[in-house]
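A.B. asks: Sequence first, predicted model second:
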Amino acid sequence: MSTSEKHLPGQATTAQSAAVAAPKTVRFPSTYAVLLAITLVVWALTFVIPSGKYQLADGKPVAGSYQHIDNLRSFGAKLLDLFLAPVNGLYGMVNAESGHVGPYESGGMFGAIGVFFFVLAIGAFVNTTLRTGAIDAGIGRVAARFKQRGALLISIVMLLIAIGGSTFGMGEETLGFYAILIPLLLSLGYDRLTAVGVILVGSVVGNMNSTVNPFMTGAASAGANIPLGQGIGLRAVMFIVLTAVAVGYVLRYARRVKRDPSRSPVGISAGDALLAAACDQNLAPMTGAQKAVMACFAGTFVFMIFALVPWAQVIVAPDAASYPWQLDWYFPELTALFFLMALAIGLVGGLYGETLVAAMIGGIADFMGAALVILLARGITVIMHNAFITDTVLHSVESLIGGTASSVFSVVMMLVIMPLSFLVPSSSGLATLAMPVLAPMADFAGVGREVVVTAFQCAVGIVALVTPTSAIVMSGLALAKVSYSKYLLWVLPLLAVLLVIAALFLALAASLP
C-alpha cells in the first residue's frame with residue numbers, strides 16, 4: 001500500500017463526500033511518534049546489547065562467523081549518533097575501514113538519500129497528473145462506457161486501481177473515486193460494500209503485489225541492498241493471480257447482492273435509491289490533452305519497468321553480463337525520469353508557468369511526510385550500525401532459524417512482519433527500518449533477498465486490508481458509509497485466501513534454486 005504519511009488533499013470534493021463524518025476511532029500514535037520512540041529505545045539498547053561482527057563474503061554475512069567485539073565508543077559519541085540520526089539517515093557515509101557512518105566520512109552512501117529524492121519526484125509526477133484531471137476523467141469515462149455491463153465494469157476499474165497500487169502506490173488517491181463509483185454501482189443494482197471492494201480491495205491488493213511501487217518495493221529493495229528489479233518476475237505473477245482472486249471475490253458478492261438485495265449486510269436505503277436514480281448525468285468526454293496525459297503517465301511506468309529489469313540476468317543466468325541495450329537504472333536515474341515526466345505531463349495537460357510549478361511543488365510537499373519517515377527509519381539503523389549491534393541481533397535470529405527449511409523460513413518472515421506493520425503503518429518507513437535486519441537472514445537460510453522483500457510486501461498488504469489505523473481503510477469506509485465491523489466480517493474470508501496463496505508462492509519461490 002501507499003505509505004500512511006502520503007497525503008493528497010482535495011480528492012473527494014463532492015457534496016456526498018463532504019457530508020460524511022469521520023468515524024470515531026481509537027487514536028493511535030503517528031508514524032513519527034512511533035519512530036521517535038523506537039529511536040530512543042534502540043539507542044538505550046546500545047548500552048545493553050553486546051557488540052559483534054560477522055565476516056563478510058561478497059558483502060554478505062557468513063553463517064557461523066559471528067564474533068563479539070569491544071565497542072570503545074564513548075557515551076558522548078553515542079549521544080552524537082542519536083543527535084545526528086536523521087542527518088545520517090539521509091546522507092550518512094560509511095567509512096570503508098572502520099565501518100562508522102557519519103556525514104563527514106568518505107566512502108559508500110549509507111543514508112537513504114536516493115529513496116528520499118525518488119519519493120519526492122514521484123510526488124511531483126503524481127500530483128501534476130492529478131491536477132490535469134486526466135485520472136479522474138479516465139476512471140469516469142471507463143465507468144460510463146461500461147455502465148450497462150456491471151461485471152465488466154467492476155473487473156476493469158478494480159484492475160486499473162490495482163495496477164496503480166502496484167506501480168506507484170495508489171492509496172489515498174482512490175478516495176476521490178467513491179463519489180464516482182458509488183452512485184454508478186447503486187444504479188446497476190449493487191450496494192455500497194461493492195464499491196468498497198472495487199476501490200479499497202483493489203488498491204490494497206495492488207500494493208500487496210507491488211512491482212515497482214517506490215513506497216513498497218523501492219524502499220524494501222533499498223533496505224535489502226538489492227536492485228529494484230530483482231524479483232519482479234515473481235511479483236508480477238503474484239499480482240496477476242492475487243488480483244484475479246480479489247476481483248473474483250468481489251464479483252461473486254456483487255452478483256449475489258444484485259440477485260437478492262436483502263443479502264446485502266449494509267442494505268440499500270431510500271437515499272441510495274435516489275442517488276442511483278440521479279446517476280444518469282452525462283460525464284464530459286476526455287479531452288485530447290487528457291488522453292495524451294494518460295498515455296505519458298502509463299508510458300512512464302512501462303519505461304521504468306524496462307529500465308529496471310536486469311534482462312540478461314533474467315533470461316540467461318543470474319551472473320550473466322548485461323546486454324548492451326540494458327539500462328540497469330536505479331534511484332538517481334529514476335528520480336530524474338519522474339521529475340522530467342512531471343514537467344512533460346504538466347505541459348501536455350495545459351499547466352504552464354506558475355500553475356505547473358505549483359503542481360509540482362504541491363506534490364513534493366504532499367509526499368514529504370513519506371520521505372521524512374524514510375530518513376528517520378534509516379537513522380535508527382545507523383544507530384544500530386555504529387554500535388555494532390545489528391550483527392548481534394542477526395546472530396540471535398541465526399540460532400533460531402538454523403536448520404529451518406527455506407520454504408518455512410519465507411512464510412515465517414511474512415508472519416513476523418505482520419505485527420510490525422501494525423506498529424509502523426508506513427510501508428516505506430517499516431521497510432527502511434526492518435529490511436536491513438531481515439534481509440541478511442535470507443543469506444543464512446539460503447534464500448534470495450528478493451523473497452524477503454516479497455514476504456514483506458505480502459505481510460504489509462494483508463495487514464493493510466483490515467487495520468483500523470489505516471487512513472485509506474477508515475476514510476474509504478466513511479465515504480462509503482459502511483461500518484468497520486460489517487466490512488471486517490465481509491473481507492476476512494478474502495484475507496484468509498490471500499494469506500494462504502501468498503504463503504504458497506513464498507514457499508515455492510524460496511525452494512527454487
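C.D. replies: Cool, the structure landed. Numbering: from 1, shown residues only.
A.B. asks: Pretty sure residue 421 sits in a strand.
C.D. replies: No. Applying DSSP: H, G, I helix; E, B strand; the rest coil, one finds residue 421 to be helix, outside a strand.
A.B. asks: quick one, what contacts it?
C.D. replies: Counting by CB atoms under 8 Å, 6 or more residues apart in numbering, residue 421 makes contact with 427, 430, 459-460, 463-464, 467. No exception for glycine: its C-beta is placed from N, CA and C like everyone else's.
A.B. asks: Please tabulate the residues you listed in a markdown table and include pLDDT, distance to residue 499 and secondary structure as additional columns.
C.D. replies: Formatted as a markdown table, those follow (pLDDT from 0 to 100; distance: CB to CB, whole Å; DSSP: H, G, I helix; E, B strand; the rest coil):
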| residue | pLDDT | distance to residue 499 | secondary structure |
| --- | --- | --- | --- |
| 427 | 88 | 18 | helix |
| 430 | 89 | 18 | helix |
| 459 | 96 | 9 | helix |
| 460 | 95 | 13 | helix |
| 463 | 94 | 10 | helix |
| 464 | 93 | 13 | helix |
| 467 | 86 | 14 | coil |
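A.B. asks: ok, those residues vs residue 165, which is closest?
C.D. replies: residue 464 (10.0 Å; CB to CB).
A.B. asks: Compute the number of surrounding residues for that closest one.
C.D. replies: 27 (other CB atoms under 10 Å).
A.B. asks: any idea how far residue 458 is from it?
C.D. replies: For residue 464, the distance to residue 458 equals 11 Å [CB to CB, to the nearest Å].
A.B. asks: Between those two, which contacts overlap?
C.D. replies: Common contacts of residue 464 and residue 458, defined by CB under 8 Å, 6+ apart, comprise residue 208.
A.B. asks: Which residue ranges of the stretch 51-200 of the chain form helices?
C.D. replies: All helices of the stretch 51-200 of the chain, identified by DSSP state H, counting those that start in this stretch, fall at 75-83, 85-91, 113-131, 134-145, 150-168, 178-187, 192-196.
A.B. asks: who wins for proximity to residue 442 among those helices?
C.D. replies: helix 113-131 (20.2 Å).
A.B. asks: if we can go back for a sec, just the buried ones from the contacts of residue 421?
C.D. replies: 427, 430, 459-460, 463-464, 467 (16 or more other CB atoms under 10 Å).
A.B. asks: ok, so of the contacts of residue 421, who is nearest residue 56?
C.D. replies: residue 430 (25.6 Å).
A.B. asks: right, and the closest one touches residue 419 too?
C.D. replies: No. Residue 430 is not in contact with residue 419 according to CB atoms under 8 Å; the separation is 11.0 Å.
A.B. asks: re the thing from before, can you redo the helices of the stretch 51-200 of the chain as CSV with mean neighbour count, distance to residue 236 and mean pLDDT?
C.D. replies: Formatted as CSV, the helices of the stretch 51-200 of the chain follow (neighbours: other CB atoms under 10 Å; distance: least, CB to CB, whole Å; pLDDT from 0 to 100):
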stretch, mean neighbour count, distance to residue 236, mean pLDDT
helix 75-83, 14, 40, 96
helix 85-91, 21, 31, 95
helix 113-131, 25, 20, 93
helix 134-145, 19, 23, 80
helix 150-168, 22, 9, 92
helix 178-187, 24, 27, 84
helix 192-196, 26, 26, 96
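A.B. asks: For the spatially closest residue to residue 86 that is not a sequence neighbour, give me its contacts.
C.D. replies: In this structure, residue 86 finds its nearest non-sequential neighbour in residue 379, 5.0 Å apart by CB to CB, 6 or more residues apart in numbering. By CB under 8 Å, 6+ apart, residue 379 lies in contact with 39, 85-89.
A.B. asks: which of the residues you listed lies closest to residue 308?
C.D. replies: residue 89 (24.3 Å).
A.B. asks: Identify the residue spatially nearest to the closest one, adjacent ones excluded.
C.D. replies: Spatial nearest neighbour of residue 89, chain neighbours left out: residue 379 (3.2 Å); criterion: CB to CB, 6+ apart.
A.B. asks: for the one you found, helix, strand, or coil?
C.D. replies: Classification of residue 379 by three-state DSSP places it in helix.
A.B. asks: Tell me the one of the contacts of residue 421 nearest residue 155?
C.D. replies: residue 464 (21.8 Å).
A.B. asks: wait, doesn't the closest one sit right on residue 470?
C.D. replies: Yes. Using CB under 8 Å, residue 464 makes contact with residue 470 at a distance of 5.9 Å.
A.B. asks: Point out where the stretch 251-400 of the chain drops to low pLDDT.
C.D. replies: 276-283, 318 (pLDDT under 70).
A.B. asks: quick one on the thing from earlier: can I get the contacts of residue 421 in JSON lines with distance to residue 115?
C.D. replies: Listed next are the contacts of residue 421 as JSON lines, based on distance: CB to CB, whole Å:
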{"residue": "427", "distance to residue 115": "12"}
{"residue": "430", "distance to residue 115": "13"}
{"residue": "459", "distance to residue 115": "20"}
{"residue": "460", "distance to residue 115": "16"}
{"residue": "463", "distance to residue 115": "22"}
{"residue": "464", "distance to residue 115": "20"}
{"residue": "467", "distance to residue 115": "23"}
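A.B. asks: Out of those, flag the one nearest to residue 167.
C.D. replies: residue 427 (14.4 Å).
A.B. asks: ok, that closest one touching residue 460?
C.D. replies: Yes. With contact defined as CB under 8 Å, residue 427 reaches residue 460; the gap is 5.0 Å.
A.B. asks: Please list all residues in contact with residue 393.
C.D. replies: So residue 393 contacts 49, 384, 437 (CB under 8 Å, 6+ apart).
A.B. asks: For residue 372, see how far away it is.
C.D. replies: Taking CB to CB, one finds residue 393 at 25 Å from residue 372.
A.B. asks: Compute the number of surrounding residues for residue 84.
C.D. replies: With other CB under 10 Å as criterion, residue 84 counts 18.
A.B. asks: Relative to residue 386, how far out is it?
C.D. replies: 10 Å.
A.B. asks: likewise residue 301?
C.D. replies: For residue 301 relative to residue 386 (CB to CB), the value is 38 Å.
A.B. asks: Comparing those two, which residue is more hemmed in?
C.D. replies: residue 386 (28 against 19).
A.B. asks: The closest residue to residue 310 other than its chain neighbours: what secondary structure?
C.D. replies: Using CB to CB, 6+ apart and skipping the chain neighbours, the partner closest in space to residue 310 is residue 229 (5.5 Å). Look at residue 229: counting by three-state DSSP, its state is coil.
A.B. asks: Could you give the backbone dihedrals for residue 229?
C.D. replies: With angles defined as degrees, to the nearest 10, residue 229 sits at phi -80, psi -10.
A.B. asks: Run a quick neighbour tally on it.
C.D. replies: 27.
A.B. asks: got a markdown table for the helices of the stretch 51-200 of the chain, with distance to residue 218 too?
C.D. replies: What follows is the helices of the stretch 51-200 of the chain, written out as a markdown table (distance: least, CB to CB, whole Å):
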| stretch | distance to residue 218 |
| --- | --- |
| helix 75-83 | 26 |
| helix 85-91 | 16 |
| helix 113-131 | 6 |
| helix 134-145 | 21 |
| helix 150-168 | 10 |
| helix 178-187 | 28 |
| helix 192-196 | 28 |
